[in-house]
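[1] Take this sequence and fold it.
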Amino acid sequence: MLCAAAFMGGATSRPALATDRVVIATTGGAYDAALRKWWFDPFTVKTGVQVVSVAATNAEMRAKAAAMVKTGNVTWDLYPDGEIQVSSQDHLAIAEQLDSFCVQFKDRQDLVPDACIPAGVRLFSTATLMAYDPKAFVGSQPATWADMWNTTKFPGGRSFPNFDDPWRVMAAALLADGVKRENLFPLDVDRALKKLDELRPSISLWWKTGDQSVQGFREKEYSVGQIWLTRASALKSEGRSIAWSNKAAFLVGDRLTVVKGAPNRDNALKLIAFWLDSPDIQAKVCEALLCTPPSSAAIALMPQAVRDQMPSAQDVRDNIVVPDAKWINDHAAELLEQWNNWIQ
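    Numbering: from 1, shown residues only. Here you go, the predicted structure:
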């Protein structure tokens with residue numbers, strides 16, 4: 001642990017008050033369990049501050065946070081939001097700006113340069129990718145988005161997310177249709193939806209939550225699906241038949257957002273500082289969820305077998321798509337409108 005005590009402001013030298021707590025929203029399931037075991041509970045042991053987690057989908061988090069700020073009835077302190085969303089004007093309107101808080105981390109050589117920015121603090125990076133049941137196929141295994149569309153060679157049901165940022169489903173469709181990675185943005189929405197029309201009869205689940213996405217694999221509702229790497233990793237840790245392809249992946253990240261007017265703002269900042277100051281804790285969380293932590297020191301602590309499963313620099317260079325956040329934010333409303341019209 002590096003310098004948590006410097007920020008904790010003496011929190012470890014006094015008994016915690018009975019009302020000392022911080023409320024954080026998470027997507028529940030294996031995600032919440034890993035954060036609870038390796039981050040929340042150790043934080044409580046060190047500070048006496050209780051961490052209360054509430055489960056919600058990503059779309060629900062954004063809507064709930066916006067409603068709380070608008071009405072002035074803020075009951076959450078923080079939540080993880082997507083790397084793309086945190087740069088939007090809608091996000092900036094409901095988030096505490098962390099300029100002064102971030103100063104203490106500006107010279108930390110182990111942290112990625114944007115670990116702490118005014119709009120939010122990096123929780124970790126991961127991928128949204130194509131996962132599949134390797135036992136469902138004889139011979140070759142699916143590796144690309146085009147393979148996901150090939151239901152003759154790779155039979156079985158399919159799954160995709162259906163929430164308020166449909167760009168990743170559209171992008172997968174365009175890549176399956178032969179669009180080159182470097183030409184992906186701006187998205188050709190009409191072409192993407194036309195390509196999705198081809199696969200629509202085989203889509204057995206449009207999932208809303210990470211738990212739904214993995215439950216569908218457990219129950220063999222589909223053989224190939226677009227899910228989060230953190231959830232695919234959780235399935236693998238259960239001993240399930242699951243594999244994934246870094247050739248069919250989008251690199252995304254989560255940032256910790258402090259809600260404007262958070263009732264336990266100071267405790268929220270302590271929890272975030274504890275995260276950034278604890279490479280050992282980052283390593284344990286990301287070992288469980290197969291994510292990339294913000295600290296290089298944390299990566300060094302992770303077992304080599306785990307690091308070998310993470311997207312490599314070569315994967316990022318040659319295959320993985322890093323989305324155009326500005327374009328997605330600038331066109332978020334029209335993307336969602338077109339998506340909702342199509343999905344009905």
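[2] Residue 129: which element?
    strand 120-132 (DSSP states H and E).
[3] buried stuff in whichever helix or strand comes after that strand?
    Using DSSP H and E, the helix or strand that directly follows strand 120-132 along the chain is helix 145-149. Using 16 or more other C-beta atoms under 10 Å as the test for burial, helix 145-149 gives 145, 147, 148, 149. From N, CA and C alone the C-beta is placed, and that goes for glycine too.
[4] longest helix anywhere in the chain?
    helix 58-71 (DSSP state H).
[5] which residues touch that helix?
    25, 27, 56, 74-76, 79-82, 85, 90-91, 93-94, 163-165, 208, 257, 259-261 (C-beta atoms under 8 Å, 6 or more residues apart in numbering).
[6] repeat that for 10 Å
    When contacts are defined by C-beta atoms under 10 Å, 6 or more residues apart in numbering, helix 58-71 is touched by residues 25-27, 54-57, 73-76, 78-82, 85, 88, 90-91, 93-95, 161-165, 208-210, 254, 257, 259-262, 336.
[7] What is the burial count for residue 260?
    A total of 17 residues lie near residue 260 under the criterion other C-beta atoms under 10 Å.
[8] typo on my end, residue 280
    Neighbours of residue 280 (other C-beta under 10 Å): 15.
[9] what residues are up against the closest residue to residue 230 other than its chain neighbours?
    Spatial nearest neighbour of residue 230, excluding adjacent residues (C-beta to C-beta, 6 or more residues apart in numbering): residue 289 at 4.1 Å. Counting by C-beta under 10 Å, 6+ apart, residue 289 makes contact with 30-31, 33-35, 38, 124, 126, 228-234, 237.
[10] Pretty sure residue 270 sits against residue 258.
    No. Using C-beta atoms under 10 Å as the test, residue 270 is too far from residue 258 to be in contact (11.3 Å).
[11] Of the two, which one has the most company?
    Ranked by neighbour count (other C-beta under 10 Å), residue 270 and residue 258 place residue 258 first, with 25 against 22.
[12] Point out where the stretch 1-150 of the chain drops to low pLDDT.
    Flagging of the stretch 1-150 of the chain using pLDDT under 70 yields the residue ranges 1-19.
[13] Bridged to residue 22, which residues?
    Assessed by DSSP bridges, residue 22 has beta-bridge partners residue 51.
[14] now residue 116
    Going by DSSP bridges, residue 116 forms beta bridges with residue 121.
[15] Which member of the contacts of residue 289 is positioned nearest residue 101?
    residue 124 (18.8 Å; C-beta to C-beta).
[16] Without its sequence neighbours, what residue ends up closest to that closest one?
    Nearest to residue 124 is residue 291, by C-beta to C-beta, 6+ apart, at 3.9 Å.
[17] same deal with residue 132?
    Per C-beta to C-beta, 6+ apart, closest to residue 132 is residue 224, 4.4 Å.
[18] Read off the pLDDT value for the one you found.
    Residue 224 is assigned a predicted lDDT (pLDDT) of 97.
[19] give the contact list for it.
    130-133, 136-137, 141-142, 147-151, 154-159, 202, 217, 245, 248.
[20] separation between it and residue 133?
    Separation of residue 224 from residue 133 (C-beta to C-beta, to the nearest Å) stands at 8 Å.
[21] okay, and the common contacts of the two?
    With C-beta under 10 Å, 6+ apart as the test, residue 224 and residue 133 both reach 141, 156, 217.
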